[in-house]
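A.B. asks: no sequence for this one, just the structure:
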């Protein structure tokens, strides 16, 4: 599982997040999505830790905390959904436009 961190500063780095989350256990991976066109940080990230117990400790301690002049939103990441927006929509054989 991984942790979702929202409302991040656009100046955040992987090292910054790793340093903060290491206080709660071993960090396995940090991913900070960027905008495809601008390359700019999108304001959220994902952190994967060695154990679920460490993730729970980090979530409890950091959700709502102020960091880099922002109030963080920290919770369990939800599984990625299939984003096929055309399923059953305009491209359906039964729909003739």
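C.D. replies: Thanks, I have it. Please read these numbers as outputs of a predicted model, since none were measured by experiment.
A.B. asks: Quick one: list the elements packing against the helix of greatest length in the chain.
C.D. replies: In the chain, taking DSSP state H as the definition, the longest helix is helix 52-62. Counting contacts by 3 or more CB pairs under 8 Å, 6 or more residues apart in numbering; DSSP states H and E, helix 52-62 packs against strand 3-6, strand 44-49, strand 73-76. All C-beta spots, glycine's among them, are computed from the backbone N, C-alpha and C.
A.B. asks: and the last one, which strands flank it?
C.D. replies: When pairs are called by DSSP bridges, strand 73-76 turns out to pair with strand 3-6 (antiparallel).
A.B. asks: May I see the buried residues of the strand it pairs with?
C.D. replies: Neighbour counts using 16 or more other CB atoms under 10 Å place 3, 5 of strand 3-6 among the buried residues.
A.B. asks: Now do the SS call for residue 29.
C.D. replies: strand (DSSP: H, G, I helix; E, B strand; the rest coil).
A.B. asks: The residue lying closest to it once chain neighbours are set aside: what's it in contact with?
C.D. replies: Nearest non-adjacent residue to residue 29, counting by CB to CB, 6 or more residues apart in numbering: residue 48, 4.2 Å away. By CB atoms under 8 Å, 6 or more residues apart in numbering, the contact list for residue 48 reads 1-3, 27-30.
A.B. asks: Buried among the residues you listed? Need that as a selection in PyMOL.
C.D. replies: This is the PyMOL syntax for the buried subset of those, where burial follows 16+ other CB under 10 Å:
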select buried, resi 2+3+27+30
